[in-house]
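Enquirer: sequence plus predicted model, see below.
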Amino acid sequence: MKIREMRIVPVAMADPPLRSAFGLHAPYALRTIVQLTTDDGITGVGETYGGAIPLRDLTAARERVIGQDPYNLARIEAAIAGDPTAAPNRDRAWEGTLSSPVQSFSPVEVACYDIIGKATGRPVADLLGGRFRDAVPFSAYLFYKHAGIGGSDGLAGDSTAAKERDDYLASEALSPEGMVRQAREFMDRFGFKSIKLKAGVLPPDEEAATIEAMYEAFGPDVPLRIDPNCIWSVETSERIGTRLEGKLEYYEDPTDGKANMAEVAKRVAMPLATNMCTTSWADIPETVERGSIDILLSDHHLWGGLGATVKLAQLCRVFGWGVSMHSNSHLGISLMAMAHIAAAIPNLTYACDTHYPWQQEEVIVGGKRQFTDGNIVIDDTPGLGVELDEDALGRLHEQYQRAGLSKRDDVAEMQKIEPGWKPVRY
Ligand code: GKR
Ligand code: MG
């Protein structure tokens, strides 16, 4: 079997005005869809970061992918990423603004697994070690947000479409009460059993008060996490961590860098998790040496695919780290790739993150995937279990062309409503 075609489609999907330490989400989030077709007519899909750089790199990889056997993943990886026996480098794609060859390989690899699954009649999870679980738990991922729903009609939150809605997608949530309301809606609608709060937005004590309000509202049986995206100092991380001891299941990226994370780990009695301090294979030795983390938040888009994630989870086991999963804004193809790999990793110790409930649009047949009691269920459908909806894909591609965005820039977006805004370090 040979890959005959590689199609690369940049898309933009409506994204609500969510806040993080980086600033404000733009009205559209960008993604790139990859579709491979084999000489016997089987198609496979993958999805990754969006914008000009992933598009450029995937386009450059196309000629090296066409003609390859989709089963021969090591050769395809070598063709895209270079010498597979060389030392790993630290290159990374930070949400579409940088790129590295392993990240270009990731959506191609996912599409190859989709093809192999269809050719063998097995779901992708069965190709990655087998379904250790059929139902993959996801966590409610809460964001402080401005009113509005994203897209062309939701920019400043004062559009009619946004005003008419009174739900988690449209409402403002910038206080502990607003976040408890958002959390309740996430749990009622999707059945999530744990909650992650994206922090780094308000003064840290107000964010700690938000966690306390959720602890009060949902009790000790709903695990809570907080993630300020490294914007706090070691001292602030220690103070807030100490205040929240006993209320968090883990503390995600409170501060920046392996040395600072290691310092916080010594001072605060709860597990530290990361998707920012350890983001490549080259980061592992120093992370182990310093004792910077207890939990690694894997991400197949970042680490080089589904096979790489199996290896990473095994490495986490060796170092006694827990494993969970990081997320960005994404569509259903990524959701299903995340769910298949999470189904196959025995030591997935925590519910996975996902931005998916914040997305209103889809590119797959049947529209948005549904959570069952907070889980994505992997059934026996061969491959990833998704097919491209060509009309929807065309719409989101046109939206990409009209949106005029070439990368994620949350600072620029924030400055549109607060001129001169800069990330605030506490
Ligand atoms: O979308 O604003 C966001 C998030 O902060 C995202 O950029 C992070 O990558 O969700 C992510 C995280 O867990 O750090
Ligand atoms: Mg994080």
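Expert: Thanks, I have it. Ligands and ions are numbered 1, 2, ... in the order given.

Enquirer: and what about Ala29, helix, strand or coil?
Expert: What DSSP: H, G, I helix; E, B strand; the rest coil gives for Ala29 is strand.

Enquirer: who's in contact with His355?
Expert: 141, 327-330 (CB atoms under 8 Å, 6 or more residues apart in numbering). Yep, even glycine has a C-beta here, placed from its N, CA and C like the rest.

Enquirer: ChimeraX command to pick out the buried ones of these?
Expert: Selecting the buried subset of the contacts of His355 in ChimeraX, with 16 or more other CB atoms under 10 Å as the burial test, is done by:
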select :141,327,328,329,330
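
Enquirer: near ligand 1, from the contacts of His355?
Expert: Here is what survives when the contacts of His355 are matched to ligand 1 using CB under 6 Å from any ligand atom: 327-328.

Enquirer: in strands, which of the contacts of His355 fall?
Expert: Among the contacts of His355, the ones falling in strands (DSSP state E) are Tyr141.

Enquirer: turn the contacts of His355 into a markdown table, columns for pLDDT.
Expert: Listed next are the contacts of His355 as a markdown table, based on pLDDT from 0 to 100:
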| residue | pLDDT |
| --- | --- |
| Tyr141 | 98 |
| Ser327 | 97 |
| Asn328 | 95 |
| Ser329 | 97 |
| His330 | 98 |
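
Enquirer: run a quick neighbour tally on Leu302.
Expert: Neighbourhood size, Leu302 [other CB atoms under 10 Å]: 25.

Enquirer: just the element for it, please.
Expert: Per DSSP states H and E, Leu302 falls inside helix 300-303.

Enquirer: avg pLDDT for the helix or strand that that helix is followed by?
Expert: Under the assignment DSSP H and E, the closest C-terminal helix or strand after helix 300-303 is helix 306-319. Helix 306-319 shows an average pLDDT of 98 in the prediction.

Enquirer: and after helix 306-319, which helix or strand comes next?
Expert: strand 322-325.

Enquirer: elements contacting that next one?
Expert: strand 295-298, helix 306-319 (3 or more CB pairs under 8 Å, 6 or more residues apart in numbering; DSSP states H and E).

Enquirer: could you dump the contacts of His355 to TSV with distance to Leu224?
Expert: TSV is the format used below for these (distance: CB to CB, whole Å):
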residue	distance to Leu224
Tyr141	12
Ser327	17
Asn328	21
Ser329	22
His330	23
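
Enquirer: Gln401: which of the contacts of His355 is nearest?
Expert: Ser329 (18.5 Å; CB to CB).

Enquirer: show me the contacts for that closest one.
Expert: 13, 15, 25, 29, 31, 355, 358-359.

Enquirer: in CSV: the residues you listed, plus distance to Ala313 and secondary structure.
Expert: What follows is these, written out as CSV (distance: CB to CB, whole Å; DSSP: H, G, I helix; E, B strand; the rest coil):
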residue, distance to Ala313, secondary structure
Met13, 29, strand
Asp15, 29, coil
His25, 29, coil
Ala29, 27, strand
Arg31, 25, strand
His355, 22, coil
Trp358, 26, helix
Gln359, 26, coil
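
Enquirer: what is the nearest of those residues to Arg165?
Expert: Of all the contacts of Ser329, the one with the least separation from Arg165 (CB to CB) is Trp358, at 13.4 Å.

Enquirer: the closest one and Thr309, how far apart?
Expert: Distance of Trp358 to Thr309, computed by CB to CB, to the nearest Å: 23 Å.

Enquirer: now Asp391
Expert: From Asp391 to Thr309 the distance is 32 Å (CB to CB).

Enquirer: now do the strands in the stretch 1-150 of the chain.
Expert: 3-14, 19-20, 23-24, 28-38, 43-49, 135-137, 140-143 (DSSP state E, counting those that start in this stretch).

Enquirer: hey, which of these is tucked in deepest?
Expert: Of all the strands of the stretch 1-150 of the chain, strand 43-49 carries the top mean neighbour count, a mean of 27, counting by mean count of other CB atoms under 10 Å.
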